[in-house]
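Novice: with the input below, show me the fold.
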Amino acid sequence: MAYRNGTYIAFHADGNNIPGGKSDIDYYNMLCAWDANKNHDFKLVNSHEKTSSVRDNSKKETLRKSLLERLRNSKNMVLIIGETTRLDSDWVPFEIEKAIDEYGLPIIVAYTTYSGAIRKPDAFSELWPSALKKRIQNGSASAIHIPFKQAPLFDAIDQFSHDKLPIGGGMGIYSNEAYRQWNIA
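Specialist: Model prediction:
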């Protein structure tokens with residue numbers, strides 16, 4: 001059995017692996033930079049760093065096997081959702097499907113386009129990849145919806161796992177009190 005302590009981070013790179021290219025990879029890199037900052041107690045166990053690196057030009061089956069190994073070793077998934085995430089037609093849907101259907105991972109849905117408290121996740125449904133939307137609608141997803149901000153991300157990564165799912169099924173949210181503590185309106 002795999003040791004499931006990692007956080008799997010899914011994002012739509014939009015065919016781009018160059019920071020500053022206005023893709024979700026910029027937010028992935030920001031999350032990694034927050035983790036590298038030694039001025040806080042947070043430590044991210046990044047599932048992408050737990051297996052060997054795979055290049056974009058790797059064979060699809062090699063990449064698939066690597067992604068599955070990373071998911072198998074994860075306790076949760078951060079799904080970075082930007083303006084183009086729903087357009088991904090290969091890896092993001094695959095990652096969501098496997099995370100929920102096979103590994104029972106909670107999804108930490110982090111929206112890059114909104115910085116306020118998320119109180120009604122369904123207001124963001126037009127941004128959801130179809131794989132996530134389907135699983136929220138059929139009740140198989142466990143998710144917490146948050147803005148892409150450091151405090152709620154750190155809390156969700158620390159708090160939720162395959163053994164401790166968010167309350168609310170696929171429509172989980174943080175309380176108004178939690179957002180007040182984080183100074184997020």
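
Novice: from now on I want contacts and neighbour counts done on CA atoms only, so please keep to that.
Specialist: Noted.

Novice: next, name the residue at the spatial heart of this protein.
Specialist: residue 78 (1.5 Å; Cα atoms, centre = their mean).

Novice: ok, residues contacting the one helix or strand that residue maps to?
Specialist: If you go by DSSP states H and E, residue 78 is part of strand 74-81. The contact list for strand 74-81 (Cα atoms under 8 Å, 6 or more residues apart in numbering) reads 3-12, 24, 27-28, 47, 99, 105-113, 127-128, 148, 157, 160-163.

Novice: narrow the residues you listed to those in helices?
Specialist: 27, 28, 157 (DSSP state H).

Novice: look at the second one and report its pLDDT.
Specialist: As predicted, residue 28 sits at a pLDDT of 88.

Novice: then the one 4 residues further on?
Specialist: Residue 32 carries a pLDDT score of 86 in this model.

Novice: what is the neighbour count of residue 144?
Specialist: By the criterion of other Cα atoms under 10 Å, residue 144 has 26 neighbours.

Novice: for it, which non-adjacent residue is closest in space?
Specialist: Leaving out its chain neighbours, the residue that sits closest to residue 144 by Cα to Cα, 6 or more residues apart in numbering is residue 172, at 4.3 Å.

Novice: residue ranges with poor pLDDT in the protein?
Specialist: Along the chain, segments meeting pLDDT under 70 span 1-2, 14-22, 40-58.

Novice: wait, residue 100 sits on residue 139?
Specialist: No: assessed by Cα atoms under 8 Å, residue 100 is found out of contact with residue 139, at 10.7 Å.

Novice: more neighbours: these two, which one.
Specialist: residue 100 (22 against 12).

Novice: mind saving the C-alpha coords of stretch 99-111 as PDB?
Specialist: This file holds the C-alpha atoms of stretch 99-111, laid out as PDB (Å, rounded to 0.1, in the frame of the first residue of the first chain):
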ATOM      1  CA  ALA A  99      -8.400  11.100  -8.000                       C
ATOM      2  CA  ILE A 100     -12.100  10.800  -7.200                       C
ATOM      3  CA  ASP A 101     -13.100   7.400  -8.700                       C
ATOM      4  CA  GLU A 102     -10.100   5.300  -7.900                       C
ATOM      5  CA  TYR A 103      -8.300   7.000  -5.000                       C
ATOM      6  CA  GLY A 104     -11.100   8.700  -3.100                       C
ATOM      7  CA  LEU A 105      -9.200  12.000  -2.900                       C
ATOM      8  CA  PRO A 106     -10.800  15.200  -1.700                       C
ATOM      9  CA  ILE A 107     -10.500  18.000  -4.200                       C
ATOM     10  CA  ILE A 108      -9.400  21.400  -3.000                       C
ATOM     11  CA  VAL A 109     -10.800  23.600  -5.800                       C
ATOM     12  CA  ALA A 110      -8.800  26.800  -5.800                       C
ATOM     13  CA  TYR A 111     -10.100  29.600  -8.100                       C
END
